[in-house]
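Enquirer: Predicted model follows, preceded by the sequence.
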Amino acid sequence: MGVVYPVSPYIRGATLDDKPRILKLVEHTWSWGDYIPSVLDDWLTRDNSRVFVCISGDELVGMVHLSVEGRGLGWLEGARVALHHRNKGIATMLATHVVEYASNMGLSKLRLAVSVNNKPSIRHVEKVGFRAVKTFKRVSTNTSVINPLASTRKLVEDEVSTALTSRVYDLYGGLYYKSFRWLDLDADTLTRLSLTGRAFWVNKTLLIHSSEYDDDDGRRVAEIGYTQPDGNFPLEDFLSIFALRVFSKVDLILPEELELLVDGFNEEGERFIVFERTL
C-alpha cells in the first residue's frame, strides 16, 4: 500500500538540529553506507552551502545539497529520499525547490553528476530539466620514484590561451574536476591554478592536480582533474613526481573518449555523466 500523506510534505532549509535525522536518512543508502556523514558538518556550516530537507509530518523524508561555486554556478549533490517515500514525487519537489532557490539568488546554471549505472537517477534528472554534458571515467595507478630528477613547469601566458583552444579542452567540455565537482575552466582559473602550483607541465603534458583524499587503506591519493597529453604520456616522470610529493596513488579523471595510450593504469573505475541545467 502506498504512503498516504495526511499533511502535504514541504521543503525547508536544514539546520544543525536536523543532523541526527539526516544521518538516519542516509544510514542505508548503499550496502556500505554513504559518504554524507563525513561531509555533513561542512555542508551545514559553510557560507556558500545550503542543505534542503523535505519534511512529512514529524519525519525527514528527503534532502539535497547545493554548493555555490562562483561565476553563476551551483553544484547539486547528496539527493536522498527515504526508501518508503520513493516514487511519491519527493525527489521532484526537492529539485523544483532548489532550482527556484538557485534562480532567485542569481545563479545562471546548475550542474551535477550521476553514475552511468544509476538509471533511475539519470531518468529523474532528465525529467526535471537537466541535459547530459559529458561522460567521465576515473583511471588510477600507484606511484613510485623511477626518475628522482623529474620536474614540473608552470604555464606561461600564451600557453594558457593555447590550452583553452585545444582538442582535449573540447573533450572535457571546458570543465575540470575538483573533489567530485566539475567546474568551469577558463583563462583566469587556469592562470590561478598555475600560479598556485596546481596546474603545470610534465614534459609536454599539462596536468591540473586539483584535489586529494585518503582512501580506505589510509593511502594519500592525488586527483588529476585535467590531463592534456601531447604525444607520449610521460609515465615515469609522472609517477616519480607524485611519489616524491608523498602520494601513494594517483587518480586521473578523463573524458570517456580520451585515451592515454600507455600501459600502467587501472581503468576499472566508475564512470559518471555530468548534467547541467540553465536557469
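Expert: Nice, I can see it. Residues are numbered from 1 along each chain as shown.
Enquirer: nearest residue to residue 139 other than its sequence neighbours?
Expert: Setting aside the residues directly before and after it, residue 139 is nearest to residue 265 in space (Cβ to Cβ, 6 or more residues apart in numbering), at 4.3 Å. Any C-beta I mention is one placed from the backbone N, CA and C, and that applies to glycine too.
Enquirer: So what's the residue count around the one you found?
Expert: The tally of other residues near residue 265 (other Cβ atoms under 10 Å) stands at 18.
Enquirer: Just to check, it is in contact with residue 252?
Expert: Yes - the criterion here is Cβ atoms under 8 Å, and residue 265 meets it with residue 252 at 7.3 Å.
Enquirer: Please enumerate the helices of the stretch 1-150 of the chain.
Expert: Shown for the stretch 1-150 of the chain, the helices assigned by DSSP state H, counting those that start in this stretch span residues 19-25, 36-45, 90-104, 119-127.
Enquirer: Ok, which of these comes nearest residue 212?
Expert: Residue 212 lies closest, by Cβ to Cβ, to one member of these: helix 36-45, at 15.0 Å.
Enquirer: I'd like to know which elements that closest one is packed against.
Expert: With contacts defined as 3 or more Cβ pairs under 8 Å, 6 or more residues apart in numbering; DSSP states H and E, the packing partners of helix 36-45 are helix 19-25, strand 49-56, strand 73-81.
Enquirer: buried stuff in that helix?
Expert: Taking 16 or more other Cβ atoms under 10 Å as the neighbour-count basis, helix 36-45 is seen to contain the buried residues 36, 39, 40, 43, 44.
Enquirer: tell me the domain ranges of this protein?
Expert: Domain segmentation of the chain under automatic domain parsing yields 10-107, 136-274.
Enquirer: so who does residue 72 touch?
Expert: Taking Cβ atoms under 8 Å, 6 or more residues apart in numbering, we find residue 72 in contact with 106, 107, 108, 109.
Enquirer: How much space separates residue 38 from residue 275?
Expert: From residue 38 over to residue 275 the distance is 24 Å, taken as Cβ to Cβ, to the nearest Å.
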